[in-house]
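Colleague: coordinates only, sequence not included:
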Ligand SMILES: Nc1ncnc2c1ncn2[C@@H]1O[C@H](COP(=O)(O)OP(=O)(O)O)[C@@H](O)[C@H]1O
Ligand SMILES: [Mg+2]
C-alpha cells in the first residue's frame, strides 16, 4: 500500500535563552498507509504535537525527511495543503465570530464551496448552534468545530491532535463512528491520543512515541501480539506433571514461572511449539492460552510510564531508546 | 484573490474595526457640528449688530471714565493721596469711539479658504489613529487567538498570507479614508456656505487642499502599516498598542522633558508629532529663543530650524521599511506554536 505520510529521522530542538535546549524530536520515524486510521500514541510531552506541527509547516525541523501524499514537505506544502485537513493541539478560534462565520472564512480562503460549511456543521452536530459566537462554546463544542474545520476541505489526509479532548462519551462514540466512516470512504486518518481504549477500538495501526523517538509501530494486533511478551498460560491434565513440564520448557529456552496449578510462559513465539514440546515428553496440555494484553498495558510497558506505588512520575520520565537503531521494528530495540 | 476577499470580509466582520471606525467618524461629525454652531455668516445685519456692540462698549467706557473722574475729584477734595489717580482728574477720559472697531464684535465666521487646510490635520490624525489600532488589532487578535495558525494550515505560504492581510487592511483603510475625506470636505463646504464664506477659492488653493488631503491619507496608511507590523511582530494587539502608548507617553514626553533639561536646541526636532505636523503643513519652523540676542534696535531674531515634509517622508519610509521588514522576517522564520 502506498504511504500517505512518511517521516524519517525527524529532529526538532526547541531553543530558548532561559531554559536552554530541548530535543523534542530525536530522530523520529513514522509511516501511515492509505485508507488507514492510524493511532499516534505517546505520553504527555513525548513530541506528538511537535511532530504534527512540523509536518504541517508550522515549525521548522532541524533535520529529517517528511513526505505527505508523496510530496516532500514543507517544500511542497502549498500543493498538498488543500488535501490535508488538520487540527493541532487545543482548538483555537477567534472568539467573537460565530462557528458558521469561522468556517465560512476558512472555506473562502481555501476556495471550498460554501455549501460545504453546512455539511460539516451537520456532520459534527453543531448545526443548531452554528449561529452562536465561539466564545460561548464549551470545550467539547470547540473541539467539534475544530474537527469541522479540518473536514471542510474534504481532505485525503485528516490529522487530528487529541480530538477526544473535552468530548462527552456520546461525542467520543460519534467521533469514533465518524472516523470509521471517513476511513471507509477512503480518507486516511491520523489520530493522536492518549486515550488508549479509543485507539484500540478504531485504529488499524499505531505508532508509539516516547521522548521524541518511535518505540513501536505496526498494525494494532501485531503490536499487541509482539508486546504481549509471548505470555502464555499452560495447564496440564495432571498438576503433578507441572515440574517436569517446567524443566522441559526451560531446556527449550522458554522462560517459565511455575504456579501452583499452572505455568506462565514468557517469550513464546508460537504457542503450538509448546504443545509439541510437551507432547514429545508425554505431557498433555489441557489449556494453552495466550494472555490477552490491551494496548494500554503495552503502552505503559513500552514507554515505561506505568505508575509505581509511592512514586510520582514526572512528565519526562519515560523510556528513552538509544539512537543506534531508531528505526528498529516493533518487538526489538527498546530499552529497559 | 480569494484570500484577499476573505481578509476584507474578515476585516468588515470585526466588531473592533467597526466600533473604532464609528468612533472616529463620530469625532469628525462632532467637530463639524461644533464648527457649524460656533460660526455665523457675516452680512449687513451682523455688521450693524457689531456696530451696536461697539457703541455699547464705548458707552460703558464713557460711563466708567465719568465715574472714576468723579471718584478722583472726591478723593482730591477730601485731601486723600490716592496714588492710582493722576494729578489732574480731567485726564481720566474714555477712548474715542473710532478706537473701538466694530469688527472686533463680529461673530466668528468660517472662511473655507483659510481654515480647511488646517482642518485636514485632525482628519488625518483620526484616520491615522483608527488605522493604527485597527491594523494592530486585526493581525494581533489573529495571532493570539490561534486564527493565524488555522489560516496557515490552509494557506501555508506565510509571506503571502501576511502581505495579503496587510493589503486587505490598507484597502479597507482607503475605503474608509476616501469617502471620509470627501464627506469632510463636503460638510465643511456646507458649514462655509451657511456659516461663513467660500470666496477666493483659486485653482492653486484647490490643488494645495487636494495635496494636503492626499498626504493625510498617506500618513494614515503609514500609521496603519506600522501598527500592523508591530502587532504581527509581538503576536499581540497589546504589544502594538502598548508600544504606541509607551512611545507617546514615556518616549515622547519623557524625551521632551529630558531634552529640555539638557538644554538641547530645537528639542521638538526629536519628537514624532513634529514630523507628522511637518508632513501635513509641508514645513514646521522651530525657533530657539535662547539664542536670541537683543540687537541695538531692541529686535530679537531667534535661531530657526526648518523641518520639511521631505524629512518626514524619509522618517516614515524608514519606519515602514524597518517595522514591516522585521515583521516579514519574523513571519518567515519563526515557529508557530
Ligand atoms: N514552544 C516550545 N518551546 C519549548 N519547548 C517546547 C515547545 N513546545 C513543546 N515543547 C517541549 O517539547 C516536548 C514535546 O512537546 P509536545 O510535542 O507538545 O508533546 P505532546 O503533544 O506529545 O504532549 C515537551 O517536552 C515540551 O515541553
Ligand atoms: Mg500534544
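Modeller: It's in. On a predicted model such as this, the values are computed, not experimentally measured, just so you know. Ligands and ions are numbered 1, 2, ... in the order given.
Colleague: Every contact and neighbour count from this point should use C-alpha atoms.
Modeller: Will do.
Colleague: Show me what the worst-scoring helix or strand of chain B on mean pLDDT is in contact with.
Modeller: Scoring the helices and strands of chain B by mean pLDDT, DSSP states H and E places helix B:237-245 at the bottom, with a mean of 79. If you take C-alpha atoms under 8 Å, 6 or more residues apart in numbering or on different chains as the criterion, helix B:237-245 is touched by B:133, B:136, B:137, B:138, B:139, B:140, B:141, B:227, B:228, B:230, B:231, B:234.
Colleague: Show me the contact partners of stretch B:127-142.
Modeller: Residues contacting stretch B:127-142 (C-alpha under 8 Å, 6+ apart): A:94, B:11, B:14, B:16-17, B:20-21, B:24, B:147-148, B:165, B:169, B:173, B:177, B:217, B:219-232, B:234-238, B:240-241.
Colleague: Sort out which of these are buried, if you could.
Modeller: Buried members of the contacts of stretch B:127-142, scored by 16 or more other C-alpha atoms under 10 Å in any protein chain shown, are A:94, B:11, B:14, B:17, B:20-21, B:24, B:147-148, B:165, B:169, B:173, B:177, B:217, B:219-232, B:234-238, B:240-241.
Colleague: Kindly report the residues of chain B close to ligand 1.
Modeller: residue B:337 (C-alpha under 6 Å from any ligand atom).
Colleague: ok, now with 8 Å
Modeller: Counting by C-alpha under 8 Å from any ligand atom, the positions of chain B adjacent to ligand 1 are B:335, B:337.
Colleague: The stretch 201-336 of chain A too?
Modeller: A:211, A:212, A:315, A:316.
Colleague: for those, which one is nearest residue A:75?
Modeller: Relative to residue A:75, the closest of these is residue A:212; by C-alpha to C-alpha it sits at 22.9 Å.
Colleague: The closest one and residue A:50 touch, don't they?
Modeller: No. When contacts are counted by C-alpha atoms under 8 Å, residue A:212 is not listed as touching residue A:50 (9.1 Å).
Colleague: now the next helix or strand after the least confident helix or strand of chain B, how far from the chain's geometric center?
Modeller: Sequence-wise, the next helix or strand downstream of helix B:237-245 (DSSP states H and E) is helix B:255-262. Its chain's C-alpha centre and that of helix B:255-262 lie 23 Å apart, by C-alpha atoms, centre = their mean, to the nearest Å.
Colleague: What score does whatever residue of the stretch 201-337 of chain B ends up closest to chain A have for pLDDT?
Modeller: In the stretch 201-337 of chain B, no residue comes nearer to chain A than residue B:335, which is 4.3 Å away by C-alpha to the nearest C-alpha. Note for residue B:335: predicted pLDDT of 86.
Colleague: so how far is residue B:270 from it?
Modeller: Taking C-alpha to C-alpha, to the nearest Å as the measure, residue B:335 falls 37 Å from residue B:270.
Colleague: again with residue A:210
Modeller: 57 Å.
Colleague: what ranges of the chain fall below the confidence cut-off?
Modeller: In the absence of a named chain, chain A is used. Residue ranges of chain A with pLDDT under 70: A:1, A:228-230, A:292-293, A:306-307, A:321-336.
Colleague: right idea, wrong chain: chain B
Modeller: B:81-82, B:292-298.
Colleague: residue contacts, residue A:83?
Modeller: So residue A:83 contacts A:153, A:154, A:155, A:156, A:157 (C-alpha under 8 Å, 6+ apart).
Colleague: let's see 6 Å
Modeller: Residue A:83 makes contact with A:155, A:156, according to C-alpha atoms under 6 Å, 6 or more residues apart in numbering or on different chains.
Colleague: Tell me where the longest helix sits in the chain.
Modeller: The chain I'm using is chain A. helix A:169-184 (DSSP state H).
Colleague: um, chain B though
Modeller: Per DSSP H, chain B has its longest helix at helix B:158-195.
Colleague: Can you point out the buried residues in it?
Modeller: Neighbour-count burial for helix B:158-195 [16+ other C-alpha under 10 Å]: B:158, B:161-162, B:164-170, B:172-174, B:177, B:180-181, B:184-185, B:187-195.
Colleague: Please report how far the closest residue to the residue of the stretch 201-337 of chain B closest to chain A other than its chain neighbours lies from residue A:52.
Modeller: Leaving aside its sequence neighbours, residue B:335 sits nearest to residue A:59 (C-alpha to C-alpha, 6 or more residues apart in numbering or on different chains; 4.3 Å). Going from residue A:59 to residue A:52 by C-alpha to C-alpha gives 9 Å.
Colleague: got it, and residue A:197?
Modeller: Distance of residue A:197 to residue A:52, computed by C-alpha to C-alpha: 22 Å.
Colleague: likewise residue A:119?
Modeller: Taking C-alpha to C-alpha, one finds residue A:119 at 26 Å from residue A:52.
Colleague: go on, residue B:209?
Modeller: For residue B:209, the distance to residue A:52 - C-alpha to C-alpha - is 56 Å.
Colleague: So if I had to pick from those two, which one is more boxed in?
Modeller: Remark: of residue B:209 and residue A:52, residue A:52 carries more neighbours, 21 against 18, as counted by other C-alpha atoms under 10 Å in any protein chain shown.
Colleague: Now look at the helix or strand that one falls within and say if it contacts ligand 1.
Modeller: Here residue A:52, judged by DSSP H and E, is contained in helix A:48-55. Yes. Counting by C-alpha under 8 Å from any ligand atom, ligand 1 is contacted by helix A:48-55 at A:48, A:49, A:50, A:51.
Colleague: Kindly tell me how buried the second one is, as a neighbour count.
Modeller: Pointing back at residue A:49 there. 19.
Colleague: show me where the chain has strands.
Modeller: No chain specified, so I'll use chain A. Using DSSP state E, the strands of chain A run over A:3-16, A:20-33, A:37-41, A:63-68, A:71-73, A:84-87, A:157-161, A:188-193, A:205-210, A:213-219, A:232-236, A:255-258, A:263-266, A:285-290.
Colleague: that's the wrong chain, I wanted chain B
Modeller: Going by DSSP E, chain B shows strands at B:110-111, B:196-197, B:283-288, B:303-308.
Colleague: Deepest in the core, which of those is it.
Modeller: Mean neighbour count (mean count of other C-alpha atoms under 10 Å in any protein chain shown) peaks for strand B:110-111 among the strands of chain B, with a mean of 24.
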